[in-house]
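*Asks:* After the sequence you'll find the predicted model.
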Amino acid sequence: MKMRNSIMVSVVISLLWAGSTFAIVGAGFHWGFDFTLKMDDKFDDRLALKQLVPLQLIDTASIPDLGNYLPSGITVDSLHSLMTEHLSILEASSPFSLTRKDWSRSVINFGGKIFIDVIPVLDAIELSFNIGAWEYDASLKYPTDSIQPNITVEDINEFVQSGDYEKILVMAEMPLTLEEFGLSYLKMFGLSKTPYVKMQFDLSVRKNIIAVPKKMKIFKLYAGGGPSLHLGTPVVTPAFVEKVIASTVESAGNNITTLSSGMTEPLLKEVVNKLIEDSKTPTFGMHIIVGTMIKPPVIPVGFYADAKFMIPFGEIDRDVELGGVGFLINAGISLSL
C-alpha cells in the first residue's frame, strides 16, 4: 500500500515537473522604457483662422472709442486705408500662436504579453502591447480686448507691414496643460503638463539562440521580429486647435472682441480634453526583438526581459515630427501553463 502511494506521488510530481518545464502557453506583465519618441521645440507657431477678417481687428464696432487710443495724425479712416494697402500681409498673419516645448518621457509605460512556447521550427510566437505616456509644455497666445498703451505711428506702420499684432493689441497666453485645468485624474499618474499617450501592439516570432539545460530550458536567450501597430493621441498643433475653436469663431460672427472673450478656460479645457479623447490614424511598422527568459522548474512563474528595435513605416503623427525609430525595453514576470 505504501509502495503504491509512493508511486502515485512520484507520478504526480513528474507530471507537475514536466508540465511546468515544457510550458505550452503563458502570459506576462512588464514595465517598459520607450526611447523611440522625441519632439523639437516650436515657438509662436501661427494659427491660420482665415475666418477672421483683418480689418475687423481694428474697428469702432468691435473696440469702442478706438479714436481715443490712436496717436495724433492717425484716424480710423486712414488706418483702414493703410491696412487695405497691406491686406495681403495681414491675411497671411494671425494674432493667435502656439508654443510647444520641453518634450519628456514620463515613468508611465507598462504592458503585457501572451505567448505560445511550442511552435515547430520557430520555437515561440507572442502578442504583446505597451501603453506609454509623454508630456510637454503647450500654450496658446491670443489677443485680448485691449489695445497696447501709448501706441505710436511707428507701431501701427510696423503692424500693417509685418502682421505683428503684438504691436497694437495686448496679448494673453494660457498653458494647455492638465495642471492648468485641474484634470487630477491623470495627475495621479504623474502627468501634469500637456499629455501624449501611445499604445502599440507587437506580434513576434521567436527563435531560441540558447536554451539550457537542453530539455528543461530554464534559461533561454532568443531573437526574432514581426509587425507592429502604433496608436497615439494627437499633439497640439495649429490645425488641431483650429478644429476645436472653429465653431466658436463662426458663432462669434468673426468678431475679435467676442472671440477674445470666448478664449477662456472652458474653451481651452476642451482642447486639452480632445488631446486625451482623440486618436490619430494608426501607423504600421516592424520590430526586431532580442530577449531572455528564466523559468525555474516546477513553479509556473518566470522572469523575462527583452529589447525591441522599433521601425515604423511612416510618421507616428502626420502633423508633427515625433520620430518613432529606436529602442523599447521591457522587463517583467510571466506565468506559464
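*Replies:* Arrived safely, thanks for sending.
*Asks:* Show me what Val212 is bridged to.
*Replies:* Taking DSSP bridges as the rule, Val212 bridges to Phe219.
*Asks:* Could you shift the numbering so residue one becomes 29, and keep it that way?
*Replies:* Okay, using 29 as the starting number, the last item reads as Val240.
*Asks:* Am I right that Glu186 sits in a helix?
*Replies:* Yes: using DSSP: H, G, I helix; E, B strand; the rest coil, the assignment for Glu186 is a helix.
*Asks:* Quick check: the gap between the residue lying closest to it once chain neighbours are set aside and Thr172.
*Replies:* Counting by CB to CB, 6 or more residues apart in numbering, Lys195 is the residue found nearest to Glu186 once chain neighbours are left out, at 5.3 Å. (Each C-beta comes from the backbone N, C-alpha and C, glycine too.) Going from Lys195 to Thr172 by CB to CB, to the nearest Å gives 14 Å.
*Asks:* Which one's more surrounded, those two?
*Replies:* Lys195 (18 against 15; other CB atoms under 10 Å).
*Asks:* who does the lengthiest strand in the chain touch, helix- and strand-wise?
*Replies:* Longest strand in the chain by number of residues (criterion: DSSP state E): strand 151-175. Applying 3 or more CB pairs under 8 Å, 6 or more residues apart in numbering; DSSP states H and E, we find strand 151-175 packed against strand 53-62, strand 125-147, strand 197-203, strand 222-240, strand 247-260, helix 284-290, strand 354-364.
*Asks:* quick one on the thing from earlier: so the residue nearest to Glu186 touches Phe187, yeah?
*Replies:* Yes: taking CB atoms under 8 Å as the definition, Lys195 is a contact partner of Phe187 at 4.2 Å.
*Asks:* What degree of burial does Leu350 show, as a neighbour count?
*Replies:* That count, for Leu350 with other CB under 10 Å as the rule, works out to 23.
*Asks:* partners of the most centrally placed residue in the chain in the sheet?
*Replies:* Taking CA atoms, centre = their mean as the criterion, Tyr224 is the residue nearest the geometric centre of the chain, at 2.5 Å. Applying DSSP bridges to Tyr224 gives these bridge partners: Trp162.
*Asks:* what about it, distance to Asp68?
*Replies:* Distance, Tyr224 to Asp68, using CB to CB: 14 Å.
*Asks:* do Glu201 as well
*Replies:* 20 Å.
*Asks:* Ok, Pro324 next?
*Replies:* For Pro324, the distance to Asp68 - CB to CB - is 47 Å.
*Asks:* Could you check the pLDDT of the closest residue to Gly313 other than its chain neighbours?
*Replies:* Excluding the flanking residues, the one nearest Gly313 by CB to CB, 6+ apart is Pro340, at 3.7 Å. At Pro340, the model reports a pLDDT of 96.
*Asks:* and if you look at Ile322?
*Replies:* Value for Ile322, per-residue pLDDT: 94.
*Asks:* Let me see the backbone angles for it.
*Replies:* phi -120, psi 120 (degrees, to the nearest 10).
*Asks:* Run through the bridge partners of it.
*Replies:* Note on Ile322: beta-bridge partners by DSSP bridges are Phe247, Phe331.
*Asks:* That one reaches Ile246, doesn't it?
*Replies:* Yes: with contact defined as CB under 8 Å, Ile322 reaches Ile246; the gap is 6.7 Å.
*Asks:* out of those two, which sits in the more crowded spot?
*Replies:* Counted by other CB under 10 Å, Ile322 and Ile246 do not tie: Ile246 has more neighbours, with 15 against 12.
*Asks:* Please give me every residue in contact with that one.
*Replies:* Ile246 makes contacts with Thr49, Val240, Ile322, Lys323, Pro324, Pro325, as judged by CB atoms under 8 Å, 6 or more residues apart in numbering.
*Asks:* And for the fourth one, the neighbour number?
*Replies:* For Lys323, the number of neighbouring residues by other CB under 10 Å comes to 24.
*Asks:* was I right about it contacting Ser362?
*Replies:* Yes: judged on CB under 8 Å, Lys323 makes contact with Ser362 at a distance of 7.2 Å.
*Asks:* For these two, list the residues in contact with both.
*Replies:* Val329, Gly330, Phe331.
*Asks:* Between those, which sits nearest Asn236?
*Replies:* Gly330 (14.3 Å; CB to CB).
*Asks:* and the gap between the residue lying closest to the closest one once chain neighbours are set aside and Val240?
*Replies:* Leaving aside its sequence neighbours, Gly330 sits nearest to Lys323 (CB to CB, 6+ apart; 3.3 Å). According to CB to CB, Lys323 stands 12 Å off from Val240.
*Asks:* Much appreciated, bye for now.
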